[in-house]
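Peer 1: Let me see the structure of the following:
(one chain, ligands or ions: 1)
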Amino acid sequence: MPVPVLLVTGFLGAGKTTVVNHLLANADGRRIAAIVNDFGAINIDAELIAGASDGVVSLSNGCICCSLEGDLLRTLSTLLRRDPRPEYIVIETSGVANPADIVRNLMDPVILREAPLETVLCVMDAGTPPSALDDALMRSQLRVADIVALSKLDLADEGAGLRMREAIRAQRVPAVVVDAKHGEIPSALLFPASDRTPAPREPGPKRPSEERFETLSWTSDRPLSLPRLQQAIGKLAPKLARAKGLFETVEQPGRQMVFQLAGGRATLAPGEAPAQGVPRARIVFIAELGVLTKAEIDGIMEACVVVEDHS
Ligand SMILES: Nc1nc2c(ncn2[C@@H]2O[C@H](COP(=O)(O)OP(=O)(O)OP(=O)(O)O)[C@@H](O)[C@H]2O)c(=O)[nH]1
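Peer 2: The predicted model follows:
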């Protein structure tokens, strides 16, 4: 039986992992495998994805639309050789991916027969200014979408959803637009119950990939001080397109916290227990090329580290 593929795309911090988590939590017994691509060297997303009944495969330190395209196809082949096979495969792209290049690779005749691309979902922050839809990366993500999910409607003003729908229509995107509060999208919409083989898609000619963002990782084997971290993020935030991390704090020792900076909004929430052998603090920073240096990040972040007194 062919295994339908759902491709989830959308800009940095739009809410893709949140949608994938919601889908996996509502899998109703379906065996779903997830492939998660983080552009940074540390795949934070793979750790934040809970409950893929058929496992999470993490592809990091590059983009599955370009440098990791071979890894994506090899991962798909490995998943298809599993016994039993997964019933569905979800691929979450990184926020900087041009999904047209991924769609083109998925049109490979063998992949199309065995793992047909059923649905492309683009997650879009409802608070995004409509003018941002002129951005080439956002346009590339919208253009291939069958469904556009508007996230963060709870944070945006009342008319935001309407304005965004109009802006999407103005781009002549033929997609269905749905609301996705905290990632909620009916799974029947994402995995339609049919055994038809989807028709091949025409993603257009390959364009040279434009390197626009870079990712800088910072790790520490010591816990962080929360007030100092707040100061550090205050200094770094104006230069960042996205940041996310997992770390222990001095204030709550032994407990891992999840830090997110997306759309200029920073949040901190309790996380799962850390895996064995990982650094106590791992943070990925994403910025436009040339805006931030590793030395600047190291200098600012080292001030958050607290040397524990074991005497
Ligand atoms: N209030 C609110 N927050 C949301 C919603 N959807 C996502 N978020 C938050 O937005 C932040 C980014 O969400 P993610 O799901 O990690 O976004 P992403 O698109 O996977 O991010 P990258 O892959 O790193 O680019 C997290 O702090 C989420 O909790 C929503 O509908 N409402």
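Peer 1: partners of the host helix or strand of residue 6, with directions?
Peer 2: Residue 6 is located in strand 5-10, with elements delineated by DSSP states H and E. Strand 5-10 sits in its sheet next to strand 88-92 (parallel), strand 117-125 (parallel), going by DSSP bridges.
Peer 1: how about it against the ligand, any contact?
Peer 2: Yes - for strand 5-10, a contact with the ligand is found by CB under 6 Å from any ligand atom, at residue 10. Heads up, the C-betas are built off the backbone N, CA and C, glycines and all.
Peer 1: which other residues reach that strand?
Peer 2: For strand 5-10, contacts defined as CB atoms under 8 Å, 6 or more residues apart in numbering pick out 16, 19-20, 23, 76, 88-93, 95, 97, 99, 102-103, 106, 115-124, 141, 144-145, 149, 190-191.
Peer 1: residue ranges of the strands in this structure, please?
Peer 2: Assigned by DSSP state E, the chain shows strands spanning 5-10, 32-38, 56-60, 88-92, 117-125, 147-151, 176-179, 213-220, 242-248, 256-262, 265-270, 281-288.
Peer 1: so how far is the longest one from its chain's centroid?
Peer 2: Read that as strand 117-125. The chain centre lies 12 Å from the centre of strand 117-125; the measure is CA atoms, centre = their mean, to the nearest Å.
Peer 1: what mean pLDDT does it have?
Peer 2: On average, the pLDDT along strand 117-125 is 95.
Peer 1: what angle separates it from strand 265-270?
Peer 2: 110 degrees (axes from the mean of the first three to the mean of the last three CA atoms, to 10 degrees).
Peer 1: so strand 117-125 versus strand 256-262, what angle?
Peer 2: Going by the same axes, to 10 degrees, strand 117-125 makes 80 degrees with strand 256-262.
Peer 1: Report the contact partners of the closest residue to the ligand within the chain.
Peer 2: Relative to the ligand, the nearest point of the chain is residue 95 (2.9 Å; CB to the nearest ligand atom). By CB under 8 Å, 6+ apart, the residues touching residue 95 are 10, 11, 12, 13, 14, 16, 39, 242, 286.
Peer 1: of all the strands paired with strand 5-10, which lies closest to residue 251?
Peer 2: The minimum distance between residue 251 and the strands paired with strand 5-10 falls on strand 117-125, with 30.0 Å, by CB to CB.
Peer 1: quick one on the thing from earlier: got CSV for the contacts of residue 95, with pLDDT and neighbour count too?
Peer 2: Shown next, in CSV, are these (pLDDT from 0 to 100; neighbours: other CB atoms under 10 Å):
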residue, pLDDT, neighbour count
10, 96, 26
11, 95, 25
12, 95, 21
13, 96, 24
14, 97, 28
16, 96, 25
39, 82, 26
242, 96, 23
286, 95, 23
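Peer 1: Distance to residue 179 for those residues - can I get that in CSV?
Peer 2: Compiled in CSV, the contacts of residue 95 are given as follows (distance: CB to CB, whole Å):
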residue, distance to residue 179
10, 15
11, 18
12, 21
13, 18
14, 14
16, 16
39, 27
242, 23
286, 27
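Peer 1: Give me the distance between the residue lying closest to residue 247 once chain neighbours are set aside and residue 257.
Peer 2: Spatially, and ignoring its direct neighbours in sequence, residue 247 is nearest to residue 281 (3.6 Å; CB to CB, 6 or more residues apart in numbering). For residue 281, the distance to residue 257 (CB to CB, to the nearest Å) stands at 10 Å.
Peer 1: between those two, who's got more neighbours?
Peer 2: Just comparing residue 281 and residue 257: by other CB atoms under 10 Å the higher neighbour count belongs to residue 281, 25 against 20.
Peer 1: Spit out the contact partners of the more buried one.
Peer 2: Going by CB under 8 Å, 6+ apart, the list of residues near residue 281 reads 218, 219, 220, 221, 222, 223, 224, 245, 246, 247, 248, 305.
Peer 1: I figured the fifth one hits residue 280, correct?
Peer 2: So that's residue 222. Yes - using CB atoms under 8 Å, residue 222 is in contact with residue 280, at 6.2 Å.
Peer 1: so for stretch 41-52, what's the average pLDDT?
Peer 2: Rounded mean pLDDT across stretch 41-52 is 78.
Peer 1: try stretch 86-98
Peer 2: Stretch 86-98 shows a mean pLDDT of 93.
Peer 1: With that, I have no additional questions.
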